[in-house]
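Undergrad: sequence first, then the predicted structure:
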Amino acid sequence: MRVLIGGGSGFVGRELTRLLKAKGHEVTIVSRQPGPGKITWSELESNGLPPCEGAVNLAGENLMNPLRWWNESYRKDLFSSRVDTTKTLAQAIADSPSPPRSWVLVSGVACYKPSLTAEYTEDSEWTPFDLLSKLVKEWEASSRFINHTNTNHVLTSFGAVLGRDGGAMKQMLLPFWLGLGGTLGSGGQPFPWIHVSDLAGIIAHALEPPADTPPPSQQVLNGVAPALNTNYEFTKELGRLMRRPTIFPVPGFVMNALMGSERAIVLTQGQKVIPQRTQEAGFQYKYPDLTSALKEIVGS
Ligand code: NDP
């Protein structure tokens with residue numbers, strides 16, 4: 001299978017590319033920069049979709065970019081980098097004389113309202129309630145086709161992606177090594193997470209719908225580990241495996257002041273997200289629990 005990956009040069013894209021190539025698939029990345037194995041977004045717009053059987057969009061300005069101050073220009077970039085690239089890919093698919101069989105959009109669990117008690121599956125209804133849930137709404141809407149009939153459309157909602165080479169862990173490892181790790185906010189909030197290798201596996205699974213799936217189908221898959229953990233459990237397990245104390249909690253108001261409350265919400269509050277359809281679809285997790293995922297990342 002030939003797969004086109006928007007934003008495939010990033011943390012998740014590198015893992016997905018490794019997995020797809022190991023399965024014998026060919027990958028082309030859509031990027032802002034030209035290079036081997038890549039096309040640019042403007043080439044995609046002017047030349048149309050290259051031949052492919054699957055397409056994924058992972059492009060987006062990093063929500064946790066430590067080099068950017070939380071302001072209007074950053075918020076605008078978070079939206080445009082996701083919505084515009086997704087629209088461009090969806091349009092190229094809709095205009096293609098031989099569209100791919102599958103089109104997968106990767107978004108986040110920020111669509112589900114933070115709660116200590118509610119449990120969300122792919123069937124849970126949600127309406128936007130804050131900036132990040134509005135972002136998910138616009139992002140997902142921009143991936144839909146108008147009058148297109150031949151491509152299966154999969155929306156995947158991921159929790160915090162854990163892996164050695166990027167995402168939240170990359171920024172967390174140094175303070176934890178220095179013994180400065182601690183819970184965030186109250187610590188009791190749910191912390192929906194997934195190991196990057198399982199995330200790549202779920203996308204690869206979504207790219208290969210069973211032969212008896214009649215297109216066009218549309219489905220949602222929650223991309224979180226089946227274990228439900230809190231921020232306290234995550235912090236203590238990471239500290240235990242790294243043999244470091246985790247005695248420096250960071251209160252919610254400090255997180256809000258440092259990051260902006262609209263963004264800090266992803267760390268200081270959380271949702272219990274159940275990957276019901278993902279499991280029903282037969283996906284087998286390599287890292288279903290925190291201990292196995294963190295051991296792979298930091299060793300035991
Ligand atoms: P990265 O931060 O690694 O970025 C992915 C790619 O997006 C980059 O390699 C870059 O490609 C492209 N990109 C970055 N900024 C812009 C911009 N301003 N305009 C256009 N393209 C841009 O992301 P991840 O791999 O960590 O995540 C992939 C997707 O999954 C993202 O959309 C993210 O929101 C979502 N997600 C990630 C989670 C996580 O914990 N990491 C959690 C939930 C969802 P290039 O430079 O080649 O153009």
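TA: Perfect, thanks for sending it.
Undergrad: ranges for the strands of this protein?
TA: 2-6, 26-31, 38-40, 54-57, 102-108, 119-120, 152-158, 160-162, 193-195, 218-223, 272-273 (DSSP state E).
Undergrad: what strands line up against the last one, and which way round?
TA: Each strand paired with strand 272-273, and its direction, by DSSP bridges: strand 119-120 (parallel).
Undergrad: contact partners of the partner strand?
TA: With C-beta atoms under 8 Å, 6 or more residues apart in numbering as the test, strand 119-120 has contacts from 109, 112, 126, 222, 271-274. Yep, even glycine has a C-beta here, placed from its N, CA and C like the rest.
Undergrad: pull out the buried members of those.
TA: Among these, those buried by neighbour count (16 or more other C-beta atoms under 10 Å) are 109, 112, 222, 271-274.
Undergrad: same list, the strands of the chain, but as a markdown table with distance to the ligand and mean pLDDT please.
TA: Formatted as a markdown table, the strands of the chain follow (distance: least, C-beta to the nearest ligand atom, whole Å; pLDDT from 0 to 100):
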| stretch | distance to the ligand | mean pLDDT |
| --- | --- | --- |
| strand 2-6 | 8 | 98 |
| strand 26-31 | 3 | 98 |
| strand 38-40 | 7 | 98 |
| strand 54-57 | 7 | 98 |
| strand 102-108 | 4 | 96 |
| strand 119-120 | 15 | 98 |
| strand 152-158 | 4 | 95 |
| strand 160-162 | 4 | 97 |
| strand 193-195 | 8 | 98 |
| strand 218-223 | 8 | 94 |
| strand 272-273 | 11 | 98 |
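Undergrad: quick one: which of those is nearest residue 253?
TA: Nearest to residue 253, of all the strands of the chain, is strand 160-162, at 21.4 Å by C-beta to C-beta.
Undergrad: and the closest one, what other elements does it pack with?
TA: Counting contacts by 3 or more C-beta pairs under 8 Å, 6 or more residues apart in numbering; DSSP states H and E, strand 160-162 is packed against helix 167-177, strand 193-195, helix 196-207, helix 290-298.
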